[in-house]
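Engineer: give me a model of this one.
(one chain, ligands or ions: 2)
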Amino acid sequence: MTGEVYYPHKELFKNPVFKNMCEYKEMVEEFEKDYEGTWAKLAREKITWFEDFKQTLDESNAPFYKWFVGGKLNVTYQCIDRHLESKKNKAAIIWEGDNGENKTITYLELYREVNKFANLLKSLGVKKGDRVVIYMPMIPEAAFAMLACARIGAIHSVVFGGFSAEALKDRIIDAKAKVVITADGAFRKGAPYMLKPTVDKALEEIDFVEKVIVVERNNQDIEWTHRDVSYNELIQNQPDECTPEIMDSEDPLFLLYTSGSTGKPKGVQHSQAGYILWAQLTMEWVFDIKDNDTFWCTADIGWITGHTYIVYGPLAAGATTVMFEGVPTYPDAGRAWKMIENYKINQFYTAPTAIRLLHKIGADEPKKYDLSSLRILGTVGEPIDPAAWKWYYDVVGNGRCSIVDTWWQTETGGHMISPLPAATPFKPGSATFPLPGIFAEVIDENGNKMPAQEKGLLCITKPWPSMIRTIWGDPERFVKSYFSTAKKNGKPVYFSGDGAIYDEDGYIWITGRVDDVINVSGHRLGTAEIEDAIKYHPEVAEVAVVGKPDEIKGESVFAYIVLKNPENIAQELEFIKEVNEIIKKEIGAIAKVDNFAFVPGLPKTRSGKVMRRILRAIAKGEEITQDTSTLENPQVVEEIIAIVNSCG
Ligand code: ATP
Ligand code: MG
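Structural biologist: Numbers count the residues shown, from 1 in each chain. Ligands and ions are numbered 1, 2, ... in the order given. Modelled structure (predicted):
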C-alpha cells in the first residue's frame, strides 16, 4: 500500500479553507498546542449562541465527555433563523421526486414549514426530551420533521424507510417513542410503495406511542387507526412562528441506530453544540462549500450520512442541499448524471457500492452529460477499491475533480479522516489524513503508534466535539464497545472497531473491521485488501471474502463472487486461476483464494454494506442464528446456502 498519487486541480478552488498542506499542518499544530482553546475559538466563531459556554471540555466523568458546557443554543436557529437576514430567498432544499418533478424550498419557506411542524408537535403534547421516531421516505417533510423536533427540543430517531416492521418495532421500543412520524408511502421506480402498513404492524403490540402523524405523499389507500392524525390537515392551522427552545450544549439532539453490520444495532446518542459545529465545519473544510454551490449527498436520511450531509451540515453552512426521492438507476443509468447536469451540482457525495453499481450498468454513461459543474466527488461507507476510485476520478470527474474518501462512523457525527480537496495529494483507496482537531491514530492496544505497513487499531485518542455521548439506555455497552480495547498513556481511548495501516508517507489505509481479518498460516490478511485485488478482474462485479477454518493453515480464503456476465465464464477453475494471479501480484500468493462460490448477490445491510458475519457462518457450515433484520435482501442468504452446499 503506497499507491499512485494524484494532485488537486487548484484552479477549481477559489478560496478554500486549506490551500495547501502547509496550512493543514499549521492548523494541526494549533490543535496540538492548545486543544481546548482552538475548539473554543471555532465554537465561538461558528455558532450563534444564546448564551456563551463556561467550559470547553469536561473530562471529569470520562469517557462521558461534555463539550461547551453551559452554552445555550438551538440547532435550528443555527440552520435556519440566522440565515434569514442575508439568504431568505435562497434555495435551502432542492427536492427531486422519483418521477422527475421538483420543488425548491427557500430558507424563508423552510423557516415557516419547520415552525408549523414544531407547533403541530407541540399541539400533540410533544415536549423537550420526548423521543419521536421518524419513518419517512425521502421527501422534504422528512427534513422538516427532524428540524421541528430540534426546534422544540424533542429527540428524533430516524429509522430508514426500507426497514421491516420488526426492525422498526425494536427501535421504537428501545427509544420508547411518544410519537411516530410517517407517510402513507412514496414512489420508487415509477410505482407507489407503502410505509404506513409497516408502521401499523410495528405498533400492533405497543401502547405507549400516543400519536402517529401521517404525511400523505402517494395518496394510496391506508387504514386510519385511533392514534393516527393527518399531517396535511393539521398543518393548515399551525402558526408559522415557534420560538426555538433554549437548549443546553449537551442536551441530546438525536438518536440513530448503527447499520448493524457487526451485531445488534446500537442507539447512538448525539448532542447539540458539538455535533452541529462539526457538521458545519466539515462542510466548509472537506466539501469547500461556497455560497453559490449546490450540494448533493445521495444517502438516505435514515443514515448518519443523510443526517449530517443532507440536513444539518448543509443547512448550518447556509448551503443549497439536494434531496432525491428515487434511485439513481431509474428511469435509466443516466439519472444521477442528468441530475448533476440539470442542477449544476458542485459536490456529489455517494458510497462505493453506488459507484460500483453505476459503473457496472453504464461505464460510459457519465460522458453523455455535462458534468463540468462538479468540483468535488465524495465517497463514504466502506473502503473504496482503487478500481472504482479510478473510474469515479477519470470518468465522472473527468480527471479533474478532487475525490474525498471520507472515513467516519455513526458514532463520530461527521468526517474524521479525509483529504482536503484543494490541499491533499490523493492516493486511490486511502482516506489520507485525519482532519485538524481529530487525533485519529493507528496504534496497538497500549497506545504505541504502528510502524508503516503494519496493521493496527484505528483509534481516536482525544475526545472531539461531535462524538457519540452514549448508547441510548445502555451506558455500559457504550464503555465496553468503544473504550475497552485500547489505551494511550494509561487512559482508555475511543476504538472505532476498524483496522488501518500507515504507509511510508503517513497516509492512512482503512483495512475494514478488525474482526474482518483472516489469519492464513499466521499471516493476518484484511478481507478488504483481498477483495480489492479480486475486483481488478474485469468479470467481477462484486466480491466478499471471509475466512474458512483450515486444518493446516488455520484459515483459508473463501470468496463469494458476483459475476458481471456469468455466461462469459466457461471454465470456473480457469477463472479462479486468473483471479489468483492478480492476488499474487497485488498481495502475495499467501492470500490466494482456496474456496469460492459464484453467487447472485451478497447479503447487504440497508445501507449497502456486506454482512460478512453471515458469509462467515455459511463458509463454516454453521446455521444462521444472527440478527438479519437489517438485511436488504434476506432471500439471497438462502440462495447462497444452497449454492455453497451444492459445491460441497
Ligand atoms: P455496526 O456498527 O452496527 O456494525 P456500521 O459500522 O456498518 O454498523 P456505520 O456507522 O454506518 O455502521 O458505518 C461506519 C463504518 O463504515 C466504519 O466503521 C467503517 O468500517 C466503514 N466506513 C465508512 N467510511 C469508510 C471509508 N471512507 N473507508 C473505509 N471504511 C469506511
Ligand atoms: Mg460500526
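Engineer: residue ranges with poor pLDDT in the stretch 501-648 of the chain?
Structural biologist: By pLDDT under 70, the weakly predicted segments of the stretch 501-648 of the chain are 626, 648.
Engineer: who in it is up against ligand 1?
Structural biologist: When proximity is defined as Cβ under 6 Å from any ligand atom, the stretch 501-648 of the chain approaches ligand 1 at Ile510, Arg513, Ser607, Lys609. Any C-beta I mention is one placed from the backbone N, CA and C, and that applies to glycine too.
Engineer: relative to Ala333, which of those residues is nearest.
Structural biologist: Closest approach to Ala333 among those (Cβ to Cβ): Ser607, at 21.6 Å.
Engineer: can you count the residues close to the closest one?
Structural biologist: Neighbour count for Ser607, taken as other Cβ atoms under 10 Å: 25.
Engineer: for it, give its distance to Gly306.
Structural biologist: To Gly306, Ser607 is 10 Å away according to Cβ to Cβ, to the nearest Å.
Engineer: okay, and the common contacts of those two?
Structural biologist: Common neighbours of Ser607 and Gly306 are listed as Asp300 (criterion: Cβ atoms under 8 Å, 6 or more residues apart in numbering).
Engineer: gap between Thr76 and Asn489?
Structural biologist: Here Thr76 is placed at a distance of 40 Å from Asn489 (Cβ to Cβ).
Engineer: that should have said Val179, apologies.
Structural biologist: Counting by Cβ to Cβ, the gap from Val179 to Asn489 is 45 Å.
Engineer: who has more neighbours out of the two?
Structural biologist: It is Val179, of Val179 and Asn489, that has more neighbours when counted by other Cβ under 10 Å, with 24 against 8.
Engineer: the more buried one bridge partners, please.
Structural biologist: Judged by DSSP bridges, the bridge partners of Val179 are Val132, Lys211.
Engineer: list the contacts for it?
Structural biologist: So Val179 contacts Leu121, Leu124, Val126, Asp130, Val132, Val133, Val209, Glu210, Lys211, Val212, Ile213 (Cβ under 8 Å, 6+ apart).
Engineer: if you set the cut-off to 7 Å instead, what comes out?
Structural biologist: Going by Cβ atoms under 7 Å, 6 or more residues apart in numbering, Val179 touches Leu124, Val126, Val132, Val209, Glu210, Lys211, Ile213.
Engineer: which residues touch Tyr536?
Structural biologist: With Cβ under 7 Å, 6+ apart, Tyr536 has these contacts: Ala387, Ile582.
Engineer: run the last query once more with 8 Å
Structural biologist: Neighbouring residues of Tyr536 by Cβ under 8 Å, 6+ apart: Ala387, Ile582, Glu586.
Engineer: do Ala363 as well
Structural biologist: For Ala363, the residues meeting the contact criterion (Cβ under 8 Å, 6+ apart) are Trp391, Val395.
Engineer: ditto for Ala148
Structural biologist: Each residue near Ala148 by Cβ under 8 Å, 6+ apart is listed here: Val114, Asn115, Phe117, Ala118, Leu120, Leu121.
Engineer: I'd say the fifth one and Lys211 touch.
Structural biologist: No. Proximity of Leu120 to Lys211 does not meet the contact threshold set by Cβ atoms under 8 Å, at 10.1 Å.
Engineer: can you tell me the element Cys459 falls in?
Structural biologist: Assigned by DSSP states H and E, Cys459 belongs to strand 456-460.
Engineer: give me the low-pLDDT residue ranges for this structure?
Structural biologist: 1-2, 261-263, 626, 648.
Engineer: quick one: the helices in the stretch 201-350 of the chain?
Structural biologist: Along the stretch 201-350 of the chain, the segments classed as helices by DSSP state H, counting those that start in this stretch run 231-234, 273-285, 304-306, 313-316, 335-343.
Engineer: what sits up against the shortest one?
Structural biologist: Spelled out, it's helix 304-306. Contact with helix 304-306 is made by 158, 256, 268, 297, 299-300, 349, 351, 380-381, 408-410, 413, as judged by Cβ under 8 Å, 6+ apart.
Engineer: want to throw those into TSV with neighbour count and distance to Ser521?
Structural biologist: Conversion of the contacts of helix 304-306 to TSV gives the following (neighbours: other Cβ atoms under 10 Å; distance: Cβ to Cβ, whole Å):
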residue	neighbour count	distance to Ser521
Val158	28	45
Leu256	29	41
Val268	24	38
Cys297	26	43
Ala299	23	40
Asp300	21	42
Tyr349	22	40
Ala351	21	34
Val380	24	34
Gly381	21	32
Trp408	25	34
Gln409	18	32
Thr410	21	36
Gly413	31	40
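Engineer: ligand 1 next: which of those residues are close?
Structural biologist: Contacts with ligand 1 within the contacts of helix 304-306, as defined by Cβ under 6 Å from any ligand atom: Val380, Gly381, Trp408, Gln409, Thr410.
Engineer: the second one contacts Thr605, doesn't it?
Structural biologist: No. Taking Cβ under 8 Å as the contact criterion, Gly381 and Thr605 are not neighbours in contact, 9.9 Å apart.
Engineer: for the stretch 451-600 of the chain, which segments count as helices?
Structural biologist: For the stretch 451-600 of the chain, the helices defined by DSSP H, counting those that start in this stretch cover 475-482, 527-534, 572-586.
Engineer: so which of the helices of the stretch 201-350 of the chain is the most packed in?
Structural biologist: Among the helices of the stretch 201-350 of the chain, judged by mean count of other Cβ atoms under 10 Å, the one packed with the most neighbours on average is helix 313-316 (a mean of 28).
Engineer: who are the packing partners of it?
Structural biologist: Here helix 313-316 touches helix 75-79, helix 273-285, strand 320-324, going by 3 or more Cβ pairs under 8 Å, 6 or more residues apart in numbering; DSSP states H and E.
Engineer: for the first one, report the contacting residues that lie outside it.
Structural biologist: Outside of helix 75-79, the residues that reach it under the criterion Cβ under 8 Å, 6+ apart are 47-48, 50, 114, 147, 150-151, 244, 247, 253, 272, 275-276, 280, 311-312, 315-316.
Engineer: and it, C-alpha only, in CSV?
Structural biologist: Extracted C-alpha coordinates of helix 75-79, given in CSV (Å, rounded to 0.1, in the frame of the first residue of the first chain):
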residue,chain,number,x,y,z
VAL,A,75,-29.6,23.9,16.3
THR,A,76,-32.5,25.2,14.1
TYR,A,77,-31.5,28.7,14.8
GLN,A,78,-28.1,27.8,13.5
CYS,A,79,-29.5,26.1,10.4
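Engineer: tell me what the helix or strand following it is packed against?
Structural biologist: Using DSSP H and E, the next helix or strand after helix 75-79 towards the C-terminus is helix 84-87. Packing partners of helix 84-87 (3+ Cβ pairs under 8 Å, 6+ apart): helix 107-123.
Engineer: show me what contacts the closest residue to Phe324 other than its chain neighbours?
Structural biologist: Closest residue to Phe324 apart from its sequence neighbours, by Cβ to Cβ, 6 or more residues apart in numbering: Glu96 at 5.2 Å. Contacts here follow Cβ under 8 Å, 6+ apart; on that basis Glu96 touches Asn102, Val322, Met323, Phe324, Glu325, Gly326, Met339.
Engineer: return stretch 558-567 as PDB; C-alpha atoms alone will do.
Structural biologist: The C-alpha trace of stretch 558-567 is given here as PDB (Å, rounded to 0.1, in the frame of the first residue of the first chain):
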ATOM      1  CA  PHE A 558     -13.300 -18.100   0.900                       C
ATOM      2  CA  ALA A 559     -14.500 -15.800  -1.900                       C
ATOM      3  CA  TYR A 560     -18.100 -15.100  -2.700                       C
ATOM      4  CA  ILE A 561     -18.100 -13.700  -6.200                       C
ATOM      5  CA  VAL A 562     -20.800 -11.900  -8.200                       C
ATOM      6  CA  LEU A 563     -20.000 -12.000 -11.900                       C
ATOM      7  CA  LYS A 564     -20.800  -9.300 -14.300                       C
ATOM      8  CA  ASN A 565     -21.800 -11.800 -17.000                       C
ATOM      9  CA  PRO A 566     -21.900 -15.400 -15.700                       C
ATOM     10  CA  GLU A 567     -22.300 -16.700 -19.200                       C
END
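Engineer: nice, that's everything, thank you.
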